[in-house]
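Visitor: build me a model from this:
(2 chains)
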Amino acid sequence: MINGVGRFIPDNLDPFVSSDNFLTKERKLISKKNKQSKTVFLNNLTEVFDILNITSGMTFSFHHHLRNGDQVIQMVTNEIGRRNLQNIHLAPSSIFPNYTNLVDLIRNGNVTDIHTNYLNGPAAKLISEGYLRGKLVMNTHGGRARAIESGDLLIDVAFIACPVVDKNGNGHGSFGKSACGTLGYAVSDLEYAKKVVLVTDTVVEELKDYQLDGQYVDYVLVIDSIGERSGIVSGTTEITKDPIGLKIAKECANLLNFLGLIKNDFSMQTGAGKTSLAVVSFVEDIMKKNKIVGSFASGGITKSYVDMLENGLFKKLYDVQCFDLEAVASFAKNENHIAMSASEYGNPFEKNPICNKLDFVVLGATEIDLDFNVNVTTDSLGYLIGGSGGHADIAYGADVTIIISPLIKSRIPIIKEKVMTVTTPGSDVDILITERGIAINPLRKDLKEKLKGSSFPIFEIGELLELTHKITGVPKDIKSDEKVIGYIEYRDGTYLDCLRKVNYEY
Amino acid sequence: MFRSLLFIPGNNPSMLQNADVFSADAIIFDLEDAISINEKTNARNLVKNYLTTSSVLPKQVVLRVNAYGGNWFEKDIELLKTGKVDYLLIPKMDKLTMEGIDRFLNHYETTNHLPETKLIALIETSRGVLELPDFAQNKRLVALFLGAEDLTSDLEIKRSESGDEIFYARSKIIYTSAANHLVAIDTPYTNINSSEGLLKDCTYAMSIGMKAKACIHPNQLEIVNKVFSPSEDEIKWALAIIEIHETKPNVGAFQFQGKMIDKPIIDRAKKIVEKAKKFKLL
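Guide: Purely as a prediction, here's the structure:
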């Protein structure tokens, strides 16, 4: 059948209707774990596998707070390979390029199904080429929390890397040699997985304050190292020097200011790329000039936001994951740098998630189409290069969602008639800002009206597409292979799009 | 009329592709100093293809060709046939060069049925500075452009942040330009990471009479455009003067805000409004 964004979805799946259709549904919750036994400390992964009687066909979850520095997912999946377990279902919140051992496990059929929010690197390439025997389901950070709490994603064992654990099994992310800050993505796994194993390299007597409650923890596995801290730093910590990126960022900040969105008590979220950091910097300049104090910034938190908190430009930071070591340090010492779980961040069924309180968000895109649907999952050939993360969560929640991107990336137009993959429905995307012009979603008549007569270069998105084609020519239409390798699951559990194997003919 | 001119190396495709996006009043496609000997042909071909195929060209196109009399000059000049080059930027201009180029272009334009080519003279030798009065009247010229790096090399002196060492050259270019209705273009500020230094350098150059500045990085354009544009207050003042003058066209002098206004001031007000219109500040 054809779903609400015009995509074909198999009849056995629940199709996406609209981004607010979840409002017509009841929140579904399975019981939280009720552990009666005492937390057991072990120092050998083999023992953990034996005690938990880990067998083929099980589902294991992980978080990605240590990002490219994580060693826990590799350690556990290596043991899966060593035991030659088959048909394993992995549910990490993200898969990063350094998780290279997944390649053989996927190829050999040890790992056959994956649920995740973001996927990049060699495993992503292999899956794109059709090697995953089961299916890949890509959902959002808020959607993953919803899937776990509702029982749609049942986890047999959650392996949770935790920088410090106390003797009662309570855990925290801010201390210890592998401190990574907040542990927001692990909270649902902790509360709803059938069995929970905290994996740590630092044990202390007692934590007065903790993020992970020991009442849910079955085992603590103590090892030499859970990861390399330096690997948690996200793509960049520097503002772009690229003149096109700076032009777009400045235009974005000026537009936000013109629309009156940079006002006292406003709230914002941006990505962590170099251009996003430039937007933050230009917004900061406007705030300082006009003596504005924002309510909060949220998301993956970077040094830029930490500096703004410390300089009194924001009252609070809500942090689901720390993107750099400055954010880790800030979370450990500043009471206004507050952790939030993925559910509190973006679960559509949460009573008042942070994403719904955002005045505006500034996000990137790999592709955007004439209906403003955004793809951040695949490239134009269909290779998996990312995923929603919180993209669709905050695009829905924020009052104004802005996409910033150069009109042309590596000679490929960013605007398509139809995106290769719908990650975020166009109904939740309001403004596209490029170096050659700005397009407003026709659904946002209020924004169009406000910008009428302004000096901003406003175009219809179709006009920007025509302009791009004048520069690049009309690119050849890329058709995916027929084979479905997975699905894009919207945050409410409905299906937005199919992921197809890349087509080698192109 | 320019405030800002941005150099783009002719062999950089991604910069060429975005040349129209930058807020420069003119783009200088460089075939000379920024291009190594091995890249000369590639750069020329790339710029030629860009000019002939791109649907989105900059507002004004300047082509910095290699030195007159050298190996590449005549091949560079072939790009005039694209019909997309507004000005040639001639390196190391002096009296003899001007005369030679003038003769060459007269013949070339006649042979190829091309309109008269307008030139910007790059003044970057001591001889060029001293001979300014001898060639500045040439009708092909629209602007004089100080090239301080080569000039100070010629003088065997170091560039300084204050620019004291180029004061004479700056002044001579400014006076010669004013006397011949040419645009005085200031030398680029080479520390691309110092916006404070750029602002100071621009403000000073503007205060002594430079009308525009060349940029070597797009991130310099905002400051340069701002400094070399009339300010909001200046535009308001100029509009008010012109309004009074238009209501009393036969009155030679009048008072405005306690000051005497006469023809030179009215003319300055007109120039400010003309600039403001040109740069879409009105």
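
Visitor: stretch A:68-86: which residues count as buried?
Guide: A:68-77, A:80-81, A:85 (16 or more other Cβ atoms under 10 Å in any protein chain shown). Where C-beta positions appear, they are placed from N, C-alpha and C, glycine not excepted.

Visitor: tell me which of these fall in helices.
Guide: Those of the buried residues of stretch A:68-86 mapping onto helices are A:72-77, A:80-81, per DSSP state H.

Visitor: of the buried residues of stretch A:68-86, closest to chain B?
Guide: If you rank the buried residues of stretch A:68-86 by distance to chain B using Cβ to the nearest Cβ, A:Asn68 comes first, at 27.8 Å.

Visitor: next up, the contacts around the closest one.
Guide: The contact partners of A:Asn68, taken as Cβ atoms under 8 Å, 6 or more residues apart in numbering or on different chains, are A:96-98, A:231-232.

Visitor: cool, B:Val65 as well?
Guide: Going by Cβ under 8 Å, 6+ apart, B:Val65 touches B:31-32, B:72-73, B:76-77, B:88-91.

Visitor: before we move on, which element is A:Val165 in?
Guide: Using DSSP states H and E, A:Val165 maps to strand A:164-166.

Visitor: which residues are contacting that strand?
Guide: Residues from elsewhere that reach strand A:164-166, judged by Cβ under 8 Å, 6+ apart: A:171-176, A:179, A:198, A:200, A:202-207, A:210, A:214, A:217, A:220, A:222.

Visitor: where do the strands of the stretch 51-200 of chain A begin and end?
Guide: Using DSSP state E, counting those that start in this stretch, the strands of the stretch 51-200 of chain A run over residues A:59-62, A:88-92, A:111-116, A:136-138, A:157-161, A:164-166, A:171-172, A:195-200.

Visitor: tell me the strands beside the second one, with direction?
Guide: Each strand paired with strand A:88-92, and its direction, by DSSP bridges: strand A:59-62 (parallel), strand A:111-116 (parallel).

Visitor: just those: most buried one?
Guide: strand A:59-62 (a mean of 26; mean count of other Cβ atoms under 10 Å in any protein chain shown).

Visitor: can I get that one in CSV, CA atoms only?
Guide: Provided in CSV are the C-alpha atoms of strand A:59-62 (Å, rounded to 0.1, in the frame of the first residue of the first chain):
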residue,chain,number,x,y,z
THR,A,59,18.2,-9.8,20.8
PHE,A,60,20.9,-7.7,22.4
SER,A,61,21.0,-3.9,22.8
PHE,A,62,23.7,-1.4,23.3
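
Visitor: please work out the average pLDDT along that strand.
Guide: Average pLDDT, strand A:59-62: 98.

Visitor: before we move on, what about stretch B:208-228?
Guide: Across stretch B:208-228, the average pLDDT comes to 96.

Visitor: and the end-to-end length of that stretch?
Guide: Criterion Cα to Cα, to the nearest Å; first-to-last residue distance in stretch B:208-228 is 12 Å.

Visitor: coming back round to it: show me which pair in the contacts of B:Val65 is furthest apart.
Guide: B:Trp72 and B:Leu89 (14.1 Å; Cβ to Cβ).

Visitor: correct me, but B:Pro230 touches B:Ala238?
Guide: Yes: counting by Cβ atoms under 8 Å, B:Ala238 is a contact partner of B:Pro230 at 7.2 Å.

Visitor: what's the overlap in contacts for these two?
Guide: Each of B:272, B:276 lies in contact with both B:Pro230 and B:Ala238 under the rule Cβ under 8 Å, 6+ apart.

Visitor: A:Thr434 against A:Leu465, yeah?
Guide: No: using Cβ under 8 Å, A:Thr434 is not in contact with A:Leu465, being 10.8 Å away.

Visitor: the more surrounded of B:Trp72 and B:Leu89?
Guide: Ranked by neighbour count (other Cβ atoms under 10 Å in any protein chain shown), B:Trp72 and B:Leu89 place B:Leu89 first, with 26 against 18.

Visitor: show me where the stretch 51-200 of chain B has its strands.
Guide: B:61-64, B:87-90, B:118-123, B:141-146, B:183-186.

Visitor: closest to A:Tyr305 out of these?
Guide: strand B:183-186 (39.4 Å).

Visitor: any idea of the mean pLDDT for the closest one?
Guide: Mean per-residue pLDDT for strand B:183-186: 98.

Visitor: quick one: contacts for residue 190?
Guide: You didn't say which chain, so I picked chain A. Counting by Cβ under 8 Å, 6+ apart, A:Leu190 has contacts A:158, A:160, A:196, A:212-213, A:216-217.

Visitor: wrong chain, I was asking about chain B
Guide: B:Thr190 sits next to B:149, B:159, B:216 when contact means Cβ under 8 Å, 6+ apart.

Visitor: for the stretch 101-250 of chain B, which residues are neighbours of chain A?
Guide: For the stretch 101-250 of chain B, the residues in contact with chain A (Cβ under 8 Å from any Cβ of the partner chain) are B:217-219.

Visitor: got a markdown table for these, with distance to A:Asp319 and secondary structure too?
Guide: Output for those, formatted as a markdown table (distance: Cβ to Cβ, whole Å; DSSP: H, G, I helix; E, B strand; the rest coil):
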| residue | distance to A:Asp319 | secondary structure |
| --- | --- | --- |
| B:His217 | 35 | coil |
| B:Pro218 | 34 | helix |
| B:Asn219 | 31 | helix |
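
Visitor: out of the contacts of A:Leu190, which is most surrounded?
Guide: Most surrounded of those: other Cβ under 10 Å gives A:Ile160, at 30 neighbours.

Visitor: for stretch B:108-121, which positions count as buried?
Guide: Neighbour counts over stretch B:108-121 (16+ other Cβ under 10 Å) mark B:108, B:117, B:119-121 as buried.

Visitor: looking at A:Gly231 now. What's its pLDDT?
Guide: 81.

Visitor: what is the neighbour count of the residue of the stretch 1-150 of chain A found nearest chain B?
Guide: Closest to chain B within the stretch 1-150 of chain A is A:Asn120: 24.0 Å, counting by Cβ to the nearest Cβ. When counting by other Cβ under 10 Å, one arrives at 18 neighbours for A:Asn120.

Visitor: wait, it sits on A:Gly386?
Guide: Yes: using Cβ under 8 Å, A:Asn120 is in contact with A:Gly386, at 6.0 Å.

Visitor: which stretches of the stretch 351-500 of chain A form helices?
Guide: For the stretch 351-500 of chain A, the helices defined by DSSP state H, counting those that start in this stretch occupy A:391-397, A:445-451, A:461-472.

Visitor: quick one, phi/psi of A:Ser298?
Guide: Here is the backbone geometry of A:Ser298 (degrees, to the nearest 10): phi -140, psi 180.

Visitor: and the strands in the stretch 401-506 of chain A?
Guide: A:408-409, A:412-413, A:415-416, A:431-433, A:438-440, A:458-459, A:484-489, A:495-500.

Visitor: contacting residues for the closest residue to A:Leu85 other than its chain neighbours?
Guide: Excluding the flanking residues, the one nearest A:Leu85 by Cβ to Cβ, 6 or more residues apart in numbering or on different chains is A:Ser56, at 4.7 Å. With contacts defined as Cβ under 8 Å, 6+ apart, the neighbours of A:Ser56 are A:85-88.
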